[in-house]
Each structure stands twice: as C-alpha cells, then as structure tokens.
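>>> What shape does this take:
(one chain, ligands or ions: 1)
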Amino acid sequence: MFSTRMEKPADSFYRQLPKVELHAHLNGSLSVATMEKLISRKPHLNIQHSMTAIHKGQRRTLDECFQVFKVIHQLIDTEEDILMVAKDVIGEFAADGVKYLELRSTPREETHTGLTKRKYVETVIEAIRQCKQEDLDIEVRFLVAVDRRNGPQVAMETVKLAEDFMVSSDDVVVGLDLSGDPTVGHGKDLLPALLKAKNCGLKLALHMSEVPSQKEESELLLTLPPDRIGHGTFLHPEVGGSQSLVDKVRERNVPLELCLTSNVKGQSVPSYDKHHFLYWYKLGHPCVLCTDDKGVFSTELSQEYQLAATTFGLSREAVWTLSQQAIGCSFAPDHLKEKLRQRWVSLQAQAS
Ligand code: 6MZ
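Residues are numbered from 1 along each chain as shown. The predicted structure is shown next:
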C-alpha cells in the first residue's frame, strides 16, 4: 500500500506570500502525486511511497536520508522521467506562491537507458523552458550539483558541463551546488573544481558545516568565498563551530540557506526552537528560508515560513521582509531582481 499522507497545508497568508526558493534538490522535491506516477511506471522495482518520504513526527538519521535518495534515483532513469519530475516540481512550487526558484540537481548517467549527464542537464533546462512557455507564474534558474561522494575528477567534469551550459542555456544555468553526504570526502580535494567554477562566472552555493566534523573544511571553503552557504548548521560557537567562522561569514556577507524541517527531521538540529535560524537572524545576517527536499521531508515553502514565524514569533511585516530579502540573495541577474522587488511591492500593497 502507498502512503498518501500529506502534512497540513500552511495558512493562506503563507501560501499567498510571494516567496523565493533557493535551496531545492530536484529529486528530493517530488510530491506524493509525482512519486505515484513514477512507481506505477516501474512496478517491478517494488518501491513504496513510505520508503521515499519522512512524515510528520518521524525522524531519520542523515545517513538514512541519503539512503532515501538512492531509492528515489532508481525510479528516475530516463529523459522522460526527468522531464516529468522537473515540470511537476516547478508547477508545485508555483502553486505554493514561489515566484523565483533555483532548482539544483546532480547530473546522472544511466547506461541501461542511454541517459547521459549532458542529456540530463538538457532535459532539466527543457522542463524549465516548457514551464515558461506554459506561462507559469514563476522564474526558474538551475544550479548544476556536484555530489561530493564522487570525488575531484567527477567534480571537475561537472564544472565543465555547467560551464558549457552557462554559455548555451540563455542564463538558465547560473551556478554550481556542492552537496551529497557530508561525512564522505573532503572539500580540500574539490577546491580546484570549485575555483574553476568561480573563475568562469558560475555562482557557488555550497553545503557547509552540515555536520560538526566539517569545521576545518568550512574554514577552507570560506577562502573562495562561496556566494551562499547551504545549512551552515554547525558554524557558530554555541554548537561547536567557532567565532572565527562566524566572523568570516559575516565579513564576506555570505547568505545562509536555512531548511528548518529538513534539519529537524534529519536530526542535525534537536528541535525547531533550537534551529540556528535564530542565531543568524538576531545578528541581522541574510538568511533565506528554503525546503531542501520538500518531497522527502514532506514540507512546502509556505510551511517553512509559517514554522519560522510561529517558532520565533515573527510578525507578518517581518515575514514579508524575510521573503523580500531573499531576492537579493538569489543568483538572478539585476534586471530580474528589480522586477521581482517591484512585484513584491505591488503584491504587498494588494494584500494590505
Ligand atoms: C546534502 C543533499 C541533501 O541531485 O538527485 N542532497 N546533500 N545534504 C542534504 N540534506 C538533507 N539533500 C539532498 O537530488 C538528490 C541529491 O541531492 C543531494 C544529495 O546528493 C542527493 O543525492 P538530485 O536532484
């Protein structure tokens, strides 16, 4: 039996609030409906939805979360699958009030279906184009992801692929993500690839200090510096990071992508009220609320805003400011940022 259990949707204020999503892994973002379409296409795999999502009140270790991605990847191994999931995910973010989305995904090759990494990226870009043609009310950009597990050579090849598409995709590919199991590999080995990406104009969104053991790696990655930090859970001294790391992040004004539900369900943060959002928010440091993997963690961006507001007592005005400030942290070109800011102003005027 499939589990079709959904979390309670957020209140209409949070759904209608225009939002910017900057940290969304494509294959972690599949809804129950999309998952069921995939499962019915590949019944022989005997995968059930309960194996691909973590519901309310449930927790998993980070390691178990990474096992979930392996299951999901088995279901998505053709161009047709990728086109469908990317279009579904974009449509769902749009329906949740997201006006600007940066989607990230790791190019994969599947020899048994003939899928290549280049085709993978082309197909995601095609999905973004089709959504634009269909007039969905959302602007989408793509970050090509480097999975740290695959080592320096694959990282370099991925950067070259991203560079090619940055040139040919008409500004759809804007950056590079570094993600994957944080307990595997070391950032120092990936530094040459990341530097190459930076030098060719790709923006860098790097997962950093997602687990406590990454202190030294974070020091090193901050020398680049990245354009945004994913999670940064263990950067600050109260959780075993250091004041020097905090100072560097602040001096370089590197925004943080923060994913409350993901961190609590993945057990890197013990409870919502202990989330490091509060530490950075109180410092006035740029923080962007994100979903990470809305499918795996059964959430939506509107829910993340509602959770932050209720947990930390944010006023509606503060919530509007938070969503508006995310525009400045995006990798959108200046003209698009300006257009989005104007949109926020008119939507806020309509809402009040
Ligand atoms: C680090 C994560 C992640 O690329 O196949 N990914 N990496 N930390 C996380 N926190 C929970 N959540 C997802 O999407 C799935 C891949 O995104 C990365 C992992 O590499 C995962 O395999 P794509 O679209």
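
>>> contacts, neighbours, all on C-alpha from now
OK.

>>> what sits against residue 149?
With Cα atoms under 8 Å, 6 or more residues apart in numbering as the criterion, the residues that contact residue 149 are 180, 181, 184, 185.

>>> Among those, which ones lie close to the ligand?
Filtering those for neighbours of the ligand using Cα under 6 Å from any ligand atom leaves 180, 181.

>>> Up against the ligand, what does the stretch 251-352 of the chain have?
Taking Cα under 6 Å from any ligand atom as the criterion, the neighbours of the ligand within the stretch 251-352 of the chain are residue 293.

>>> low-confidence ranges in the stretch 251-352 of the chain?
The model of the stretch 251-352 of the chain has no residue with pLDDT under 70.

>>> so where do the helices sit in the protein?
Residue ranges of the helices in the chain, as given by DSSP state H, are 12-16, 32-41, 62-75, 79-95, 117-133, 151-168, 187-199, 215-221, 243-251, 260-265, 277-282, 301-312, 316-329, 334-351.

>>> from the contacts of residue 149, which two are the most distant?
180 and 185 (9.7 Å; Cα to Cα).

>>> looking at the protein, which helix or strand does the model trust least?
The helix or strand of the chain with the lowest confidence, counting by mean pLDDT, DSSP states H and E, is helix 62-75 at a mean of 92.

>>> Can you see whether it contacts the ligand, counting any residue in it?
Yes: judged by Cα under 6 Å from any ligand atom, helix 62-75 comes into contact with the ligand at residue 69.

>>> For that helix, which outside residues touch it?
Counting by Cα under 8 Å, 6+ apart, the neighbours of helix 62-75 from elsewhere in the structure are 27-28, 38-39, 42, 45, 47, 51-53, 180-181, 266-268, 296.

>>> Could you rerun that using 10 Å?
Outside of helix 62-75, the residues within contact range by Cα atoms under 10 Å, 6 or more residues apart in numbering are 27-28, 30, 35, 37-43, 45, 47-49, 51-54, 59-61, 81-82, 108, 110, 180-183, 210-211, 262-263, 265-268, 296-297.

>>> Pull out the buried residues from these.
Neighbour-count burial within these applies to 27-28, 30, 35, 38-39, 47-49, 52-54, 59-60, 81-82, 108, 180-182, 210-211, 262-263, 265-266, 268, 296-297; the criterion is 16 or more other Cα atoms under 10 Å.

>>> Okay, now the unreliable bits of the stretch 101-250 of the chain?
Of all residues in the stretch 101-250 of the chain, none has pLDDT under 70.

>>> Just name the most buried of the helices of the chain.
For the helices of the chain, the largest average neighbour count (mean count of other Cα atoms under 10 Å) is found in helix 260-265, namely a mean of 26.

>>> list the helices and strands it packs on?
The helices and strands touching helix 260-265, judged by 3 or more Cα pairs under 10 Å, 6 or more residues apart in numbering; DSSP states H and E, are helix 62-75, strand 228-231, helix 301-312.

>>> Only C-alpha atoms, please: export it in PDB.
Included here for helix 260-265 are C-alpha records, laid out as PDB according to Å, rounded to 0.1, in the frame of the first residue of the first chain:
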ATOM      1  CA  LEU A 260      14.100  24.000   9.300                       C
ATOM      2  CA  THR A 261      12.100  20.800   8.700                       C
ATOM      3  CA  SER A 262      14.900  19.100   6.900                       C
ATOM      4  CA  ASN A 263      17.400  19.700   9.800                       C
ATOM      5  CA  VAL A 264      14.900  18.600  12.500                       C
ATOM      6  CA  LYS A 265      13.700  15.500  10.600                       C
END
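
>>> Just checking the distance from it to the centre of its chain.
The offset between the C-alpha centroid of helix 260-265 and the centroid of the whole chain comes to 13 Å, using Cα atoms, centre = their mean, to the nearest Å.

>>> Same question for stretch 56-68.
How far stretch 56-68 lies from its chain's middle: 17 Å, per Cα atoms, centre = their mean.

>>> show me what contacts the nearest residue to residue 212 once chain neighbours are set aside?
With Cα to Cα, 6 or more residues apart in numbering as the criterion, residue 212 has its nearest non-adjacent residue at 5.5 Å, and that residue is residue 234. Taking Cα under 10 Å, 6+ apart as the criterion, residue 234 is in contact with 208-215, 218, 240-242, 245, 268-269, 276.

>>> from these, which ones fall inside strands?
Residues of those located in strands (DSSP state E): residue 208.

>>> Would you mind measuring the gap between the ends of stretch 69-87?
From the first residue to the last, stretch 69-87 extends over 19 Å; the measure is Cα to Cα, to the nearest Å.

>>> how much space between the spatially closest residue to residue 22 that is not a sequence neighbour and residue 171?
If you skip the residues right next to it in sequence, residue 22 has residue 102 as its closest partner in space, 4.9 Å away by Cα to Cα, 6+ apart. Using Cα to Cα, residue 102 is found at 12 Å from residue 171.

>>> More neighbours: which of those two?
Counting neighbours by other Cα atoms under 10 Å for residue 102 and for residue 171 shows that residue 102 has the greater number, 24 against 14.

>>> Okay, and the beta partners of the more buried one?
Here residue 102 sits in beta bridges with residue 141, going by DSSP bridges.
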